[in-house]
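**Q** need coordinates for the following:
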Amino acid sequence: MGGVGWVLTKGRQRRNSQGVERTMGMQYQPAKSHDYGINACPGCFEKQRKIDRLKEENQQLRMKLSVQKRKDKEGFFGSSTPSARVPVKANATEEQRLKRGGAKPGHKGSGRRKHREEEVDCVREVAVEAICPECHCVMKEKDYRERSVLDIDPIRVLKVLYRLQRRLCPQCRQIRTAQATEVLPRSMFSNQLIAEIVDSHYVQGMPLGRICARWQLNYGSVIESLHRMAAIFAPVMKQLQAGYRQSLVRHADETGWRTDGQNGYCWLFASDSVSLHLYRKTRSAKVVEEVLGKSALPGYLVVDRYQSYSRAPCKVQYCYAHLMRDMKDLGQEFADEKEVEAYSQEMVERLAQAMRLQSSRPADKEYYREAARIKEQILEASHKGSHHLAVKRWQDFFVEKADHLYHWVDDRTVPCENNRAERELRPTVIARKVSHGSQADEGALTREVLMSVMQTLKKRVADPRQRFKSVLDQLALNSQSTIEQLLFQMDSS
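**A** Prediction:
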């Protein structure tokens, strides 16, 4: 039969055109050709190929146009573009403009609290003229009306001359000289002034040039003083690193920082009691190994999805804020794809629910019940059937990376976002915009030490500037004191 196959068909009754019924028994019919239903015309086939190619090219061009429109509106990095680099910033909506600030209508408010007599630093009495300006009569004393005000002494640098007494022992002929208090040996600046400079620059974020102009200080002298402080407090860095390793929940992030015109990075390793700033020329995983080591550690590390953190010897929790931003970008990139839009909106809502759950701080029972429900919904959305490759890729991510995504469900002390590191790194980003980095490696090292010390003190004590000064005062009296004990000796009390 020339290669034509045959298929056995089942018999059945049919009526012919004359209405006569006849039974069709078991019979064979030729099998359908492989080209059945295909237009074998060469010209039509070529046209169809051209149509398919143009459709695919049209889809690719629409995607590129959508991406370009988003870059023109949001910047090169999309939703991750820094606010300073956003080309077009949208104006406030009419709804936002109509919102009124302040308390809600009907709220009575608490008012300003008056100073109690035992807590005021001074009392200033202001007298009234004894003669009445209206009738020129002598007025009698009545009483006082108290008014509570906050004031400040004018900040100015004092030029102090110490006269250090010397005495001669008549027996051993040794000369004893009095020691200046609150001043380090061979230091031009007092401990109080140094503490003010360090606090203003590394905690408040004031540029050194503005500090020198405000207090009329020599810029080179200030730089040398800060380098000396960094050398004194450098031994504390090992203690901070050890404290970071012992923390149950750790955060980490990095941002760009130029040193001597060369590209580099500022690494931040933070916990609830430690802030460790490191300035390195590389962004490789060896910086993570330098801080966390290679031995297994208990606890968690909350980070974005940068690959270097995969070398951390502890459990890793990915940041949901970064994931939610990626989900929004996914929906904008495939704005014409209904399947992608639906998946993006669903995942954005689930990730937002997880972050709101932790910020609302419910009771433990309610928290773990809601956390399990959100996790189940995320996994359910990730196991649904999909046809779009972009959706499949993200579905596979939420399933395959489960060991990095759901630690917050089992332990509520683990945040599902990395906001702590983002907030603590923000002052460094602002300093980079203002100063454009460090002028030399020594300056980067000084900033590394003093930023770590002051930001850690900010977490542990109420007044980090006063603690810094008290440490310098004790070093002025006894230069052999151990800096680690002096800096954190009162933290456990």
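**Q** please count neighbours and contacts with C-alpha atoms only from this point.
**A** Will do.
**Q** and the gap between Asn218 and Phe189?
**A** Counting by C-alpha to C-alpha, to the nearest Å, the separation of Asn218 from Phe189 is 11 Å.
**Q** neighbour count winner among the two?
**A** Each of Asn218 and Phe189 has its neighbours counted (other C-alpha atoms under 10 Å); Phe189 has more, 18 against 11.
**Q** show me the residue at the heart of the protein, geometrically.
**A** In the chain, the centroid-proximal residue (C-alpha atoms, centre = their mean) is Glu422; its distance is 0.9 Å.
**Q** show me the contact partners of the host helix or strand of that one.
**A** Using DSSP states H and E, the element containing Glu422 is helix 419-435. Contact with helix 419-435 is made by 205, 207, 251-255, 257, 268-270, 437, as judged by C-alpha atoms under 8 Å, 6 or more residues apart in numbering.
**Q** counting contacts, what elements does the next helix or strand after that helix pack onto?
**A** Following helix 419-435 in sequence order, the next helix or strand is helix 441-460 (DSSP H and E). Here helix 441-460 touches helix 191-202, helix 219-233, helix 236-246, strand 275-280, helix 464-477, going by 3 or more C-alpha pairs under 8 Å, 6 or more residues apart in numbering; DSSP states H and E.
**Q** hang on, the earlier thing: give me the distance between the residue nearest to the centre of the chain and Ala431.
**A** From Glu422 over to Ala431 (counting by C-alpha to C-alpha), the distance is 15 Å.
**Q** do Gln48 as well
**A** Using C-alpha to C-alpha, we find Gln48 at a distance of 60 Å from Ala431.
**Q** with Leu487 instead?
**A** In terms of C-alpha to C-alpha, Leu487 sits 26 Å off from Ala431.
**Q** over to Leu475?
**A** Taken as C-alpha to C-alpha, the span from Leu475 to Ala431 is 30 Å.
**Q** swap in Thr282?
**A** 20 Å.
**Q** compare the two (neighbour count), which wins?
**A** Taking neighbours as other C-alpha under 10 Å, Thr282 and Ala431 compare with Ala431 leading, 18 against 13.
**Q** what's the burial count for Arg210?
**A** Arg210 has 12 nearby residues by other C-alpha under 10 Å.
**Q** ok but it is inside a helix, no?
**A** Yes - assessed with DSSP: H, G, I helix; E, B strand; the rest coil, Arg210 lies in a helix.
**Q** please report how far His407 lies from Ile51.
**A** 50 Å.
**Q** kindly report the same for Glu370.
**A** 50 Å.
**Q** so who does Leu486 touch?
**A** 471, 474.
**Q** for Asp329, grab the count of nearby residues.
**A** Counted with other C-alpha under 10 Å, Asp329 comes out at 18.
**Q** and it, which of the three is it?
**A** Relying on three-state DSSP, one would call Asp329 helix.
**Q** next up, the contacts around Met206.
**A** By C-alpha under 8 Å, 6+ apart, the residues touching Met206 are Ser200.
**Q** my bad, Asn478
**A** Asn478 neighbours (C-alpha under 8 Å, 6+ apart): none.
**Q** what's the distance between it and Pro185?
**A** Using C-alpha to C-alpha, Asn478 is found at 11 Å from Pro185.
**Q** tell me what the lengthiest helix in the chain is packed against?
**A** Secondary structure of the chain per DSSP state H: the longest helix is helix 42-74. Other elements packing on helix 42-74 under the criterion 3+ C-alpha pairs under 8 Å, 6+ apart are helix 320-333.
**Q** send over the helix or strand immediately after the helix it packs on in the chain as CSV, restricted to the C-alpha atoms.
**A** Following helix 320-333 in sequence order, the next helix or strand is helix 338-360 (DSSP H and E). Extracted in CSV, the C-alpha atoms of helix 338-360 (Å, rounded to 0.1, in the frame of the first residue of the first chain):
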residue,chain,number,x,y,z
LYS,A,338,-1.9,39.1,32.3
GLU,A,339,-0.4,36.0,33.9
VAL,A,340,2.7,37.9,35.0
GLU,A,341,0.7,40.8,36.3
ALA,A,342,-1.5,38.5,38.4
TYR,A,343,1.4,36.6,39.9
SER,A,344,3.3,39.8,40.6
GLN,A,345,0.4,41.4,42.4
GLU,A,346,-0.3,38.3,44.5
MET,A,347,3.4,38.0,45.6
VAL,A,348,3.7,41.7,46.4
GLU,A,349,0.7,41.4,48.7
ARG,A,350,2.0,38.2,50.4
LEU,A,351,5.5,39.7,51.0
ALA,A,352,3.9,42.9,52.3
GLN,A,353,1.7,40.9,54.7
ALA,A,354,4.8,39.2,56.1
MET,A,355,6.5,42.5,56.8
ARG,A,356,3.4,44.0,58.3
LEU,A,357,2.9,41.0,60.6
GLN,A,358,6.3,41.6,62.2
SER,A,359,5.8,45.3,62.6
SER,A,360,2.4,44.9,64.2
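**Q** average pLDDT for helix 338-360?
**A** Averaged across helix 338-360, pLDDT comes to 93.
**Q** what does stretch 444-452 give?
**A** Stretch 444-452 comes out at a mean pLDDT of 96.
**Q** swap in stretch 53-72?
**A** 79.
**Q** same question for stretch 307-322.
**A** 93.
**Q** what's the local residue count around Arg124?
**A** 5.
**Q** can I take it that it is in a strand?
**A** No - assigned with three-state DSSP, Arg124 falls outside any strand and is coil.
**Q** can you pull the phi/psi pair for it?
**A** Per-residue torsions, Arg124: phi -110, psi 120 (degrees, to the nearest 10).
**Q** mind checking how far it is from Ser148?
**A** Taking C-alpha to C-alpha, one finds Arg124 at 11 Å from Ser148.
**Q** Ala103 too?
**A** 23 Å.
**Q** list the contacts of the closest residue to Leu168 other than its chain neighbours.
**A** Distances taken as C-alpha to C-alpha, 6 or more residues apart in numbering place Ile175 nearest to Leu168, at 4.5 Å, with adjacent residues excluded. With contact set as C-alpha under 8 Å, 6+ apart, Ile175 has these partners: 166-169.
**Q** for the helices and strands packed on helix 441-460, which one sits closest to Met63?
**A** In terms of C-alpha to C-alpha, the element of those nearest to Met63 is strand 275-280, at 38.3 Å.
**Q** any low-confidence regions in the stretch 351-493 of the chain?
**A** Along the stretch 351-493 of the chain, the parts satisfying pLDDT under 70 run over 489-493.
**Q** what's the answer for the stretch 1-150 of the chain, then?
**A** For the stretch 1-150 of the chain, the ranges with pLDDT under 70 are 1-40, 75-80, 82-85.
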